[in-house]
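>>> Got a predicted model here, sequence first, then my questions.
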Amino acid sequence: MPYAVKWLIPDRLMLSIHYGVVSSDDMMAYIDESMAMRDAANDKNGVGGALVHTLTDARAMTRVEIKLKDMQGVLRALRGQKVGWSVYVNPSAVDRFVVSVSHQMVGVRHYICATMEEALTFLTTNDETLPAVSVTAVDALVHETLRTASTAQGSA
């Protein structure tokens, strides 16, 4: 399972970490898990409450193996959910382009960038109610997640 989903700010800012090779099955599992987390947070936040933003860190992702037919189902599912900003971080210009196009097809507010610093600046600038999160804090959580995943793979 080359992804992890965690709260950076409970019920407000979800961190999605993608690493290694991500398959269609992995992406579908991620979508199901993140949608369930977002739905639960939206219920807690109430009607007219704060939106839940998603910060996707794909800096450690090496390849995506997703079939177009699988993406169509994902896109349909996402259209019906109440979401805030979807911010995607990846240094690869090609990956950023593909993700931007897919977000446009879904109709989700999105921002695509190459660095975590840019992503966090964007989020706090565009949602003034969101507490600031440091790049150091995000990177520590990402590194711990990747270390744990690596350890788990080594013992499997």
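Structure's in. What do you need?
>>> how about the strands in this protein?
3-9, 13-23, 53-65, 86-89, 110-113 (DSSP state E).
>>> Distance to Arg38 for the ones you listed - can I get that in JSON lines?
Quick note: C-beta positions are derived from backbone N, CA and C, even for glycine. Formatted as JSON lines, the strands of the chain follow (distance: least, CB to CB, whole Å):
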{"stretch": "strand 3-9", "distance to Arg38": "10"}
{"stretch": "strand 13-23", "distance to Arg38": "7"}
{"stretch": "strand 53-65", "distance to Arg38": "8"}
{"stretch": "strand 86-89", "distance to Arg38": "11"}
{"stretch": "strand 110-113", "distance to Arg38": "15"}
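>>> Look at Val52 and say how many residues are nearby.
Close neighbours of Val52, defined as other CB atoms under 10 Å, add up to 25.
>>> List the residues that contact the spatially most central residue of the chain.
By CA atoms, centre = their mean, the chain has its centre lying nearest to Thr56, at 2.9 Å. Contact partners of Thr56, counting by CB atoms under 8 Å, 6 or more residues apart in numbering, are Ser16, Ile17, His18, Ser86, Val87, Tyr88, Val89.
>>> How much space separates it from Val99?
8 Å (CB to CB, to the nearest Å).
>>> Touching both of these two, which residues are there?
Common neighbours of Thr56 and Val99 (CB under 8 Å, 6+ apart) are Tyr88.
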